[in-house]
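Participant: Below are the sequence and a predicted model; questions follow.
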Amino acid sequence: RYVQQKPLTPVQQGYFLAKAFPQFRIRAARSVLRCIGVLQPTPTSDSYTVEVEYKVPTRPRVRVVRPQLRLAPGRSRLPHVFEGNELCLYVLGEWRPDLMISDFIMPWISAWLFFYEVWLVDGEWFGGGHEPNIAKK
């Protein structure tokens, strides 16, 4: 049974990210964490500049800065993204604010990018999960 733990602060998250991903620029303040850096899901994959923004206790917001994400042939929208093309990385309940972004969110970003590259080739999403509900503002 899960016992709710105290959320990690942005500064704590930044510390763990800096140790695990030294190539990322990290800015952590009292209420928000922002980091940007390059991930390459596999040795044969493209390199992607990704940005993560985290405000306790909301979900980390992740977007690909470069290159611009493209659509697979015959597709009209990207799979598994929220409004603004923020990546949808996990199903509700798989991540909590007491978990380290470096151990969960970052590997999930790489997995998303891997499945995105496969999707670009054949238009089929093999990454599992479900499409997020995109609320219109």
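Facilitator: Noted; the coordinates are in hand.
Participant: tell me which residues of the lengthiest helix in the chain are tucked away?
Facilitator: Longest helix of the chain, by residue count under DSSP state H: helix 105-122. Buried positions in helix 105-122, judged by neighbour count with 16 or more other CB atoms under 10 Å: Ile105, Met106, Trp108, Ile109, Ser110, Trp112, Leu113, Phe115, Tyr116, Trp119. No exception for glycine: its C-beta is placed from N, CA and C like everyone else's.
Participant: Can you give the contact residues for stretch 70-90?
Facilitator: 61-64, 69, 95, 104-105, 108-109, 111-112, 116, 119-123, 125, 127, 129, 131-132, 134-137 (CB atoms under 8 Å, 6 or more residues apart in numbering).
Participant: Grab the nearest non-local neighbour of Trp125.
Facilitator: Pro79 (4.4 Å; CB to CB, 6 or more residues apart in numbering).
Participant: which stretches of this structure form strands?
Facilitator: 25-28, 32-39, 48-55, 61-66, 81-82, 86-87 (DSSP state E).
Participant: hang on, the earlier thing: could you redo the buried residues of helix 105-122 as CSV and give each row distance to Pro41 and pLDDT?
Facilitator: Formatted as CSV, the buried residues of helix 105-122 follow (distance: CB to CB, whole Å; pLDDT from 0 to 100):
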residue, distance to Pro41, pLDDT
Ile105, 14, 97
Met106, 11, 98
Trp108, 11, 97
Ile109, 9, 98
Ser110, 4, 97
Trp112, 8, 97
Leu113, 4, 98
Phe115, 9, 97
Tyr116, 9, 97
Trp119, 13, 96
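Participant: Turn those residues into a markdown table, columns for distance to Leu39.
Facilitator: Listed next are these as a markdown table, based on distance: CB to CB, whole Å:
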| residue | distance to Leu39 |
| --- | --- |
| Ile105 | 11 |
| Met106 | 7 |
| Trp108 | 11 |
| Ile109 | 6 |
| Ser110 | 6 |
| Trp112 | 10 |
| Leu113 | 7 |
| Phe115 | 14 |
| Tyr116 | 12 |
| Trp119 | 17 |
